[in-house]
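> predicted structure and sequence below. I'll ask about it afterward.
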Amino acid sequence: MELVRLEHAVIGYRQPLLPPLDLAVRAGTTLGVLGPNGAGKTALLKSLLGLLPLIAGRRVLPLSRAPRIGYVPQRDRLDMSWPFTVLDVVLMGRARLAGPGRPYSAMDRKAARDALGEIGIGDLADRPLYALSGGQHQKVLIARALAAEPELLVLDEPTSAMDPAAERILLELVQRLKQAHNLSVVLATHQLTAVAGFATEVAVVDRERQLFEVGPAAEMIDPQRLGRLYGREVRVAQLDGHTAVVVK
Amino acid sequence: MSGFLDFWAGRDLWVEPMIAGLLAGAILGYLGVFVVLKRMVFVSAALSEISGVGVAFAFYVGSLVGIDPHQHGAVPLLLEPTWFSLLFGCFAAFLFSLRPGHRKLAPETIVGLGYIVASALVLAILNSPRIAQEAHAVGDILFGNAVTVPRAQIWVLFAASFAAMVVNVLFFKELLFVSYDPETALVQGVGVFRYELMLNLVIAVVISVATRAVGALPVFAFTVIPAAAALMITERMRYTIALSVGFGIVSAAIGYYVSWVEQLPTGASMVVVASFFLLPGLLKILRRSTI
């Protein structure tokens, strides 16, 4: 079952960024969108989400309704100076469910606290937003997305500026949430290891080379294909059940 | 002490402008929290200036048809400067709510253009020979030297403030969400344009009406200073709003009192008093700063 699909889509901000593409997000899958910085990953995500109008082609909603989406934007795009607590931010995920013109109910507050607890930061609920570390802020945004009771979780560069251990922990968290809530996941990143171990399907994008390819992860995490993408020799190896990708 | 006694003895003269100042300080103190946090301070300046164009334009139209819009009671309803002020303000708010999506024309540029053109229009209209004798009256309204406020304007300001509060009470969570993270709000199906327009219209209406009642300078100041002062010393939204409203009210009251006792311009006095509320936050920043 498909949740959202792009057909012959030309994406970009007035100018096409990538060649016309077809892309579907299927229920239960994890789609990794991989490419170097500035490759067009965020534009592709925004086109999938309907935030960026297509230059040509169409965005199809096969369920005949918009899927419930939990969106985790790049955290550096959000202003930390707002006088919000962590709970205030997570409650925003309930805005649509609470209904227009109605304040958040006790149930919404419980759902927000539950989402924080599930992410493992329940103790931060009353902490001011500005007092969080980068990793904590990222988790708050994931909790907000989870509070929206999504079918589809979309994360834009969730592990950027994280050390390898924090990156691993966050990706395992996403994997755990996916299984616990039967989510579909779309994850855009420029970090190869983030996609290699977690995605079931991979879309490779590069504006410079006018490249767009999508397929099963097993086919796409391929030394030759990735070598073409990065213009360097790439090695892929299995270490203790984990996929390691090295760009030489 | 005699200053206060004189002030109290003259309460019949100041009670109406004082009420107008308190109302403006309270509602603009509240809306200012959104204005400052959304980094749209210049939007409020532009709306204030564009509303001023409406006022000046009403005088100009009045001069064309031989009516002085400053003569309350003798002015046709359609020529009331408040309507022009509202009309111009709301149209500007609508324009500012649109996202131009133009690479070289940022929203700030459009707001700046609105401000510049409005300032020029006010100057041009005020210096028009047609309303030369009204220029002083229009100037009072625009620059906050108005020390008397007709009761009708207080009611209009009260109605605008009440409507603004109803909108904000009903849609507070939506207004916060679309102001803080419009992209995610849109993904979740919260109508960003609808709520941004609602907020901008509310701000425009209140600014237009308040500009007419207490002048452009204090209106601009009340949308910026109380909120900025509160934000520097609070970490919770509810405290920020409460303090900002409080600062707005106290600035209006003390500012009016000081202007009365010291024979100073009313609007400017309110702004100076409001500025004192910035000191605790500035001290906090200084204490945190390290060399």
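That came through fine.

> what's the pLDDT at residue B:134?
Model confidence at residue B:134, given as pLDDT, is 64.

> next one: residue B:147
The per-residue pLDDT reported for residue B:147 equals 64.

> what's the answer for the one 4 residues further on, then?
At residue B:151, the model reports a pLDDT of 84.

> next SSE after the lengthiest helix in chain A?
Longest helix in chain A, counting residues (DSSP state H): helix A:164-181. Going down the chain from helix A:164-181, the next helix or strand is strand A:184-189, by DSSP states H and E.

> is that next one anywhere near chain B?
No - Strand A:184-189 lies out of reach of chain B by CB under 8 Å from any CB of the partner chain, never closer than 11.8 Å. C-betas here are computed from N, CA, C, even on glycine.

> from the contact counts, what lies against the helix or strand that that strand is followed by?
Later in the chain than strand A:184-189, the nearest helix or strand by DSSP H and E is helix A:192-196. Judged by 3 or more CB pairs under 8 Å, 6 or more residues apart in numbering or on different chains; DSSP states H and E, helix A:192-196 is in contact with strand A:30-34, helix A:164-181, strand A:184-189, strand A:242-247.

> now these as TSV including distance to residue B:150 and mean neighbour count?
Formatted as TSV, these follow (distance: least, CB to CB, whole Å; neighbours: other CB atoms under 10 Å in any protein chain shown):
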stretch	distance to residue B:150	mean neighbour count
strand A:30-34	62	27
helix A:164-181	61	15
strand A:184-189	59	25
strand A:242-247	74	15
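
> weakest of the ones you listed by average pLDDT?
For the helices and strands packed on helix A:192-196, where the average pLDDT is lowest is strand A:242-247, sitting at a mean of 78.

> helices or strands up against that strand?
If contacts are counted by 3+ CB pairs under 8 Å, 6+ apart, strand A:242-247 sits against helix A:192-196, helix A:223-230, strand A:234-239.

> pipe the ones you listed into a markdown table and attach mean neighbour count and mean pLDDT per row.
As requested, these are exported to a markdown table (neighbours: other CB atoms under 10 Å in any protein chain shown; pLDDT from 0 to 100):
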| stretch | mean neighbour count | mean pLDDT |
| --- | --- | --- |
| helix A:192-196 | 23 | 76 |
| helix A:223-230 | 17 | 80 |
| strand A:234-239 | 12 | 81 |
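
> could you identify the helix or strand that succeeds the worst-scoring helix or strand of chain B on mean pLDDT?
In chain B, no helix or strand scores lower on mean pLDDT, DSSP states H and E than helix B:135-143, which sits at a mean of 63. Using DSSP H and E, the helix or strand that directly follows helix B:135-143 along the chain is helix B:151-170.

> what separates the next helix or strand after that next one from the chain centre, distance-wise?
Going down the chain from helix B:151-170, the next helix or strand is helix B:172-180, by DSSP H and E. When distances are taken as CA atoms, centre = their mean, to the nearest Å, helix B:172-180 is centred 21 Å away from the chain's centroid.

> same question for stretch A:133-147.
Chain-centre distance of stretch A:133-147: 12 Å, with CA atoms, centre = their mean.

> then stretch A:139-148?
Remark: stretch A:139-148 is offset 12 Å from the chain centroid, using CA atoms, centre = their mean.

> send me it as PDB with only the CA atoms.
Extracted C-alpha coordinates of stretch A:139-148, given in PDB (Å, rounded to 0.1, in the frame of the first residue of the first chain):
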ATOM      1  CA  LYS A 139      14.500  14.100  20.300                       C
ATOM      2  CA  VAL A 140      12.000  16.700  21.300                       C
ATOM      3  CA  LEU A 141      11.200  17.200  17.600                       C
ATOM      4  CA  ILE A 142      10.800  13.400  17.200                       C
ATOM      5  CA  ALA A 143       8.500  13.300  20.200                       C
ATOM      6  CA  ARG A 144       6.400  16.100  18.700                       C
ATOM      7  CA  ALA A 145       6.200  14.100  15.400                       C
ATOM      8  CA  LEU A 146       5.200  11.000  17.400                       C
ATOM      9  CA  ALA A 147       2.500  12.900  19.400                       C
ATOM     10  CA  ALA A 148       0.800  13.600  16.000                       C
END
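
> TSV for the helices and strands packed on helix A:192-196, including distance to residue B:215?
Formatted as TSV, the helices and strands packed on helix A:192-196 follow (distance: least, CB to CB, whole Å):
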stretch	distance to residue B:215
strand A:30-34	54
helix A:164-181	53
strand A:184-189	51
strand A:242-247	64
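
> for residue A:113, find the nearest of these.
The minimum distance between residue A:113 and these falls on helix A:164-181, with 16.2 Å, by CB to CB.

> what's the angle between that closest one and strand A:242-247?
Calculated by axes from the mean of the first three to the mean of the last three CA atoms, to 10 degrees, helix A:164-181 forms an angle of 130 degrees with strand A:242-247.
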